[in-house]
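J.: Coordinates for the following, if possible.
(one chain, ligands or ions: 1)
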Amino acid sequence: MHHFGFEPLGLPVEDVARITAEVKIRDNGWPGCPYHLIVGDDERLALCQDYRTASYHVSGHNHEAIGCAIEGDYTHKEVRQRLSEIVGLAYLEACQAKRNACGKAGIRYEALIPAGHLELSPTLCPGAGGMLVVRQLRA
Ligand SMILES: [Zn+2]
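T.: Residues are numbered from 1 along each chain as shown. Reported below is the predicted structural model:
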């Protein structure tokens, strides 16, 4: 789980996803959007990467972690209920995609473990508000 760490752009989530990819390609030399999913402040979800893609969102864990980012700065602010619900739905969808992939490959399925970026790398992301959402997913 990530947050953007700055206030929402006031754009549809598809534009937020496109701009995020453009900035990371230009400034970091990354191949695309770092997050698999973005929960927009417009209360919509964008799928930005195939779940099987090892995108650049959490150093040292990009091969096993699916990255979901909430647009906005939740360093000291709670994520509003509707956005939190969308994160929950995204989590269930990602688990289902993994279950399907494991079934096709004939390997044992284990549920994805919700985690905040700060639990995997030295960062403040996704803020106190984002971590509340992570704890709700684990409950
Ligand atoms: Zn992050």
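J.: so what's the most centrally placed residue in the chain up against?
T.: Nearest to the centroid of the C-alpha atoms of the chain, with distances taken as CA atoms, centre = their mean, sits residue 68, at 0.6 Å. Listed by CB atoms under 8 Å, 6 or more residues apart in numbering, the contact set of residue 68 reads 1-2, 35-39, 87, 90-91, 94. Quick note: C-beta positions are derived from backbone N, CA and C, even for glycine.
J.: Residue 123 contacts residue 117, doesn't it?
T.: Yes - in this structure residue 123 lies within contact range of residue 117 using CB atoms under 8 Å: 5.4 Å.
J.: Isn't residue 111 up against residue 97?
T.: No - with contacts counted by CB under 8 Å, residue 111 stays clear of residue 97, the gap being 11.9 Å.
J.: between the two, who's got more neighbours?
T.: The neighbour comparison of residue 111 against residue 97 (other CB atoms under 10 Å) goes to residue 97, with 17 against 11.
J.: which ones are touching the more buried one?
T.: Residues counted as contacts of residue 97 (CB under 8 Å, 6+ apart) are residue 51.
J.: After the helix or strand containing it, heading C-terminal, what element do we hit next?
T.: With the criterion set as DSSP states H and E, the secondary-structure element containing residue 97 is helix 81-105. Using DSSP H and E, the helix or strand that directly follows helix 81-105 along the chain is helix 127-138.
J.: Would you mark the buried spots in that following helix?
T.: Buried residues in helix 127-138, defined by neighbour count with 16 or more other CB atoms under 10 Å: 127, 129-134, 137.
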